[in-house]
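>>> requesting a structural model of the entry that follows:
(one chain, ligands or ions: 2)
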Amino acid sequence: PVSRLPQVGTTIFTTMSALALECQAVNLGQGFPDFDGDPRLMQAVKDAMDAGHNQYPPMAGVPALRQAIADKLLALYGRAYDPAHEITVTAGATQAILTAILALVHPGDEVIVLDPCYDSYEPNIVLAGATAVHVPLTAGSFRPDFDRIAAAITPRTRALIINSPHNPTGTVWSADEMQRLADLLRPTDILVLSDEVYEHMCFDGQVHQSVARHPELAARAVLVSSFGKTCHVTGWKVGYTAAPRALMDEFRKVHQFNVFTVNTPMQHGLAAYLADPTPYLELSAFYQAKRDLFRRGLADTALRPLPCEGTYFQVVDYSGLPDAIAALPEAQFCQWLTREAGVAAIPLSAFHADGRNQQLARLCFAKRDSTLHTALERLKRHL
Ligand code: PMP
Ligand code: GLN
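Numbers count the residues shown, from 1 in each chain. Ligands and ions are numbered 1, 2, ... in the order given. Sure thing, here's the model as predicted:
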């Protein structure tokens, strides 16, 4: 075939953002804040530009930023990553995930993904010449089903991708679940790609279970995170990856011929800004308040919110709507909601390889309270 990705079209996020714009809908579809990052961070980047930090940085990232990331990983999760050899700054989590897969997965390998999952994983696996093996999360709870994961492992399994807190369902893995994963993988040499971009958004006292907290998992894991999420700057596309040296050596071989480096002034700005951990330590409380506001408002609609333990996404069940609407497949329901109610959402089916319909849609609450109120008023009026 001519196409490397024959099944792939335009992503659901692009499609729904375009429709939201066309319909002047409140865009609770694509995940991004409608407010700006901290002015101190903006100033730190401007200062970096004025100080002449505008040429290529070192391939693996500005040393001060790698050091700041290492300090954070040690302080929060207790693992000492060597910033010289075990941390690389990337162009967002998206590039980190693709680069890790291209560097570590071979043609003919299998990579296990847990459905529903983020839309970039499978195309990335296909580009590496490997096969994505889809294992569903437990129906209803969206928690990992270790029996099914175990049953999916074959001699060809090279890696497993995990994502906690989870996009789209907001599930947060427990320490016990991480331990069960470690137990399951112990007799194998399967790698773990841990997508932790929502690490600082865990609610109701939940503690983020980074692979970095679990020595056995960390030894076989590539950890990925993103400043886009943590600092409310999704358009900057700066993230990072942390992994043991042997894995990171391979990662960097691909990274240097992929992007080679990531923009310099943002890295300096972030390095200065991260010296104070307060903003990311307060992020969970910040988003928990928005989650609570949003869920309180949803109680006055026919949408039923599912549990939300983390991330800035709320999944809603629309089976309680009048039959004609409730019968719509998720993609059509989200289009109807955007056009008729003026609120854009993302169908959960977009995260399922089999496109299954469960009358579920994802709404993003990373919005100003006034935006959430406007969206809730519209939902109350139409649903
Ligand atoms: N993984 C997940 C689970 C995400 O939700 C996102 C962003 N929506 C990414 C990766 C990509 O992050 P970035 O914008 O830093 O590339
Ligand atoms: N990660 C964001 C989301 O899940 C979207 C990023 C993108 O548009 N690819 O909504």
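
>>> the helices in the stretch 51-200 of the chain, which residues?
The residue ranges that make up the helices of the stretch 51-200 of the chain, judged by DSSP state H, counting those that start in this stretch, are 63-77, 92-104, 121-127, 146-152, 175-185.

>>> any idea which of those helices is most buried?
Comparing the helices of the stretch 51-200 of the chain by mean neighbour count (mean count of other C-beta atoms under 10 Å), helix 92-104 comes out on top with a mean of 23. Where C-beta positions appear, they are placed from N, C-alpha and C, glycine not excepted.

>>> does that one reach ligand 1?
Yes. Contact of helix 92-104 with ligand 1 is found when judged by C-beta under 6 Å from any ligand atom, involving 92, 93, 94.

>>> can you tell me how far the nearest residue in space to the first one that is not next to it in sequence is from residue 231?
Nearest-residue entry for residue 92: residue 237, 3.9 Å, with adjacent residues in sequence omitted and distances by C-beta to C-beta, 6 or more residues apart in numbering. Note on residue 237: its distance to residue 231, by C-beta to C-beta, to the nearest Å, is 12 Å.

>>> please apply the same query to residue 102.
According to C-beta to C-beta, residue 102 stands 27 Å off from residue 231.

>>> who's in contact with the residue most central in space within the chain?
The residue lying closest to the centre of the chain (C-alpha atoms, centre = their mean) is residue 197, at 4.6 Å. Taking C-beta atoms under 8 Å, 6 or more residues apart in numbering as the contact definition, residue 197 lies against 93, 167, 224, 225, 226, 228, 229, 239.

>>> looking at the residues you listed, which is nearest ligand 2?
residue 167 (5.1 Å; C-beta to the nearest ligand atom).

>>> unless I'm mixing things up, the closest one is touching residue 310, no?
No. Shown here, residue 167 and residue 310 do not form a contact pair, counting by C-beta atoms under 8 Å, at 9.6 Å.

>>> find residues that contact each of the two.
Counting by C-beta under 8 Å, 6+ apart, the contacts common to residue 167 and residue 310 are residue 198.

>>> so for residue 1, what's the pLDDT?
Taken from the predicted model, the pLDDT recorded for residue 1 is 72.

>>> how many residues are close by it?
5 (other C-beta atoms under 10 Å).

>>> same check on residue 14?
By other C-beta under 10 Å, 12 other residues sit near residue 14.

>>> contacts only, for the residue in the stretch 101-250 of the chain that ligand 1 sits nearest to.
Of all residues in the stretch 101-250 of the chain, residue 226 sits closest to ligand 1, with a separation of 3.2 Å (C-beta to the nearest ligand atom). Residue 226 sits next to 92, 93, 197, 238, 239, 240 when contact means C-beta under 8 Å, 6+ apart.

>>> repeat for residue 170
Residues in contact with residue 170, defined by C-beta under 8 Å, 6+ apart, are 306, 307, 308, 309, 310, 311, 313, 314, 315.

>>> what do you get for residue 96?
88, 90, 222, 224, 239, 240, 241.

>>> confirm that the fourth one sits in a strand.
Yes. Residue state for residue 224 (DSSP: H, G, I helix; E, B strand; the rest coil) corresponds to a strand.

>>> from memory it sits against residue 243, does it?
No. The pair residue 224 and residue 243 fails to qualify as a contact (C-beta under 8 Å) at a distance of 9.2 Å.

>>> so for these two, which residues contact both of them?
Counting by C-beta under 8 Å, 6+ apart, the contacts common to residue 224 and residue 243 are residue 100.

>>> neighbour count winner among the two?
In terms of neighbours (other C-beta under 10 Å), residue 243 is the more surrounded of residue 224 and residue 243; the figures are 30 against 27.

>>> tell me how far the closest residue to that one other than its chain neighbours lies from residue 156.
Of all residues not flanking residue 243 in the chain, residue 222 sits nearest, at 4.3 Å (C-beta to C-beta, 6+ apart). When distance is defined by C-beta to C-beta, residue 222 is 19 Å away from residue 156.
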